[in-house]
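Visitor: My questions concern the predicted model and sequence given below.
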Amino acid sequence: MRFVLVHGSWHDARCWGAVRDFLETQGHETHALTLPGNGERANPAVTMSETARAVTDFIEERDLRDVILVGHSFGGAVVQLAAPGVPGRLKRLVFYNAYVIEHGRSVFSYVPESVAGAFQALASPDGTLTLPFAFFRDHLMNDADHATAVAAYALLSPEPLARSAEPLDLTGFDTLPVPRSYLYAYGDNVFPAAEFTWHPGMSKRLGDFRLVVIPGGHELMFSDPKALGRGLVTAGQD
Amino acid sequence: MRFVLVHGSWHDARCWGAVRDFLETQGHETHALTLPGNGERANPAVTMSETARAVTDFIEERDLRDVILVGHSFGGAVVQLAAPGVPGRLKRLVFYNAYVIEHGRSVFSYVPESVAGAFQALASPDGTLTLPFAFFRDHLMNDADHATAVAAYALLSPEPLARSAEPLDLTGFDTLPVPRSYLYAYGDNVFPAAEFTWHPGMSKRLGDFRLVVIPGGHELMFSDPKALGRGLVTAGQD
Amino acid sequence: MRFVLVHGSWHDARCWGAVRDFLETQGHETHALTLPGNGERANPAVTMSETARAVTDFIEERDLRDVILVGHSFGGAVVQLAAPGVPGRLKRLVFYNAYVIEHGRSVFSYVPESVAGAFQALASPDGTLTLPFAFFRDHLMNDADHATAVAAYALLSPEPLARSAEPLDLTGFDTLPVPRSYLYAYGDNVFPAAEFTWHPGMSKRLGDFRLVVIPGGHELMFSDPKALGRGLVTAGQD
């Protein structure tokens, strides 16, 4: 299988290191890009169009075909926007605890009020948000030990906020004839479960999809990369 | 323990092969019948009464006592209808991701609109429904690999639709003094989770029941028969 | 890590035996008390104030610091009431399938109607409730075998009912600057899942908290003490 891995907010391509090692040991091919705006490509003014085009450019420049296109968290909306640009190159879309949003809405429009307020309050003047360690520890790395959380945190960088407030033109995603899977790790604690769910809250917008449910939280690439790798194979295979 | 295993739609007695092997290796006794209307007993005009009577006849002809009567999926409604006919022979009822329906309603009345329409559209002129492989693969065998899904699909046969539209007389089920268990595999993807749940959606109609929750999907008899066997023992034991 | 373990209704300090053995083998320090009103401290007239004060006295008398204070089931409300009395000694609160209630309400006010009626009907003239084995077996020990359920049942004693009907003054709990975790075992069957959930139903009242989700039911101290021990470490660590 040929995976193209699209990271979420605060992350960059390095987050997939251990997952890629596992998948390649199992005989799979993996590719990962750092989205514009993130990591060494920091840019507070980056747009969703630029972000999605980076994914399609990445696939086209390498002439990749039969791609399992994976989006994590914020990366789900990027996959939604990018996929209709390279339909013939895609074998399946896989969303791992990822946003699946509706045409005309923004990613932020789905963030629960209780968290959105905190995000606004923490925003930097340059329009980026640095995730506080305490939030990362208890909400994203809740299934890990402290040392793993610290090591993962060292790989994060400020997230540009503007693009997540853009209403997205998702024309073409709903009717895109590419099979979809939702990989749901049920121990996720990013947002309050009484207000928000990845599955079925986000997954239901995929229409017809394969569901794969596994233990663990939002950052299995750090807390249990082999489990994430196995989940991606179950979700992505024929 | 003595299990009598009642299959669901599209299945026949052969579906339990690997589960029976596992249970018998563990010292249990197992029995499985093919319901009238299914498999080699194909009959589009079969009724729910005939279906349920086949279960009670099967138990009485073999003079089985202390039976753990297991219903899977559609087989749950069959167990509901059959159990009051042989109350003295039953030790416990076990429902595995199975329908538990209300007096006076049909099985189909619980199928979400989004799926019911597809089922109607796919029905054959003879009144049976052949499950499309793509649906089986992503919705029922979502936790399996492709080869396992293909092998399982080869054991399916067309399901007679008429009986699932029959309103059922379930007088006697609610007050039947036989303990009940619900074995819930949480990775099930048969119906959209935003519209339908086996647990607690179906299980709640059992009244007082033992809950057993395990990983996996709707077809653990194929995707992980040992896990299903262990779950049946946990659900069925004293 | 230094754990102080607060049991739930019908239990006493002995319930933690195997969990303590596991945790201490892993290098942790554990303490457990029998709440007044339970076990050898039986007293139908015990109040919530007396119950909570027993916890703070226990911690202060031993001069314990950096305490991970764990509450199970009813013990969650005891932890809520006790914690503001010893804030400087607490490192983190951990709730394991535990009540987290609102200021001015009683524990019983959260019990689903269907179960509350049964509890009232079963109450003894002395104001205690003895848990029937059949309920304990299928609702609390649903993930265990019969022998384990019998052995655990032998450790139970009548629960004084009056304190659970007391509206609690929880001033100070919401603003207590002590981190919180909710350890959720998803196979719990204490109350009907269609009417009641530990997570997110109870957990959501913690405000900001770390979630840890594990398999199993309400009595992992008996059915799988190592799994509970591992869960407590994941929930309680920095």
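Guide: That came in fine, so what should we check first?

Visitor: What are the contacting residues of the lowest-mean-pLDDT helix or strand in chain A?
Guide: Ranked by mean pLDDT, DSSP states H and E, the weakest helix or strand in chain A is helix A:113-122, scoring a mean of 88. Contact partners of helix A:113-122, identified using Cβ atoms under 8 Å, 6 or more residues apart in numbering or on different chains, comprise A:Phe108, A:Val111, A:Leu129, A:Thr130, A:Pro132, A:Phe135, A:Leu161, A:Phe191, A:Pro192, A:Glu195. Bear in mind the C-beta positions are built from the backbone N, C-alpha and C, glycine included.

Visitor: Filter those down to just the buried residues.
Guide: When neighbours are counted using 16 or more other Cβ atoms under 10 Å in any protein chain shown, the contacts of helix A:113-122 contain these buried positions: A:Phe108, A:Val111, A:Leu129, A:Phe135, A:Leu161, A:Phe191, A:Pro192.

Visitor: show me what contacts the residue sitting nearest the centre point of chain A?
Guide: Note on chain A: the residue nearest the mean C-alpha position is A:His72, at 1.9 Å, using Cα atoms, centre = their mean. By Cβ under 8 Å, 6+ apart, the residues touching A:His72 are A:Leu5, A:Val6, A:His7, A:Gly8, A:His11, A:Tyr96, A:Asn97, A:Ala98, A:Met221.

Visitor: near chain B too, which of those residues?
Guide: The overlap between those and the neighbours of chain B (Cβ under 8 Å from any Cβ of the partner chain) is empty.

Visitor: quick one: which of those residues is most hemmed in?
Guide: The residue in the contacts of A:His72 with the most neighbours, by other Cβ atoms under 10 Å in any protein chain shown, is A:Val6 (31 neighbours).

Visitor: Chain C contacts on chain A?
Guide: A:137-139, A:142-143, A:145-146, A:186-187, A:189, A:192-194, A:215, A:217.

Visitor: which residues of chain A fall in helices?
Guide: According to DSSP state H, chain A carries its helices in the segments A:17-25, A:48-61, A:75-82, A:113-122, A:133-135, A:146-153, A:220-223, A:225-236.

Visitor: Which one of those helices has the poorest average confidence?
Guide: For those, the bottom mean pLDDT is recorded on helix A:113-122, which sits at a mean of 88.

Visitor: buried stuff in it?
Guide: So, applying 16+ other Cβ under 10 Å, buried residues of helix A:113-122: A:Val115, A:Phe119.

Visitor: where's that helix relative to the chain centroid, distance-wise?
Guide: Its chain's C-alpha centre and that of helix A:113-122 lie 20 Å apart, by Cα atoms, centre = their mean, to the nearest Å.

Visitor: Kindly export stretch A:44-52 (C-alpha atoms) in PDB.
Guide: Extracted C-alpha coordinates of stretch A:44-52, given in PDB (Å, rounded to 0.1, in the frame of the first residue of the first chain):
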ATOM      1  CA  PRO A  44       0.600  32.800   9.700                       C
ATOM      2  CA  ALA A  45      -1.100  34.100   6.500                       C
ATOM      3  CA  VAL A  46      -1.300  30.700   4.800                       C
ATOM      4  CA  THR A  47      -4.600  29.900   3.200                       C
ATOM      5  CA  MET A  48      -6.500  26.600   3.000                       C
ATOM      6  CA  SER A  49      -6.200  26.700  -0.800                       C
ATOM      7  CA  GLU A  50      -2.400  26.900  -0.500                       C
ATOM      8  CA  THR A  51      -2.500  24.200   2.100                       C
ATOM      9  CA  ALA A  52      -4.600  21.800   0.000                       C
END
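
Visitor: buried stuff in stretch A:187-199?
Guide: For stretch A:187-199, the neighbour count (16+ other Cβ under 10 Å) marks A:Gly187, A:Asp188, A:Asn189, A:Val190, A:Phe191, A:Pro192, A:Ala193, A:Phe196, A:Thr197, A:Trp198, A:His199 as buried.
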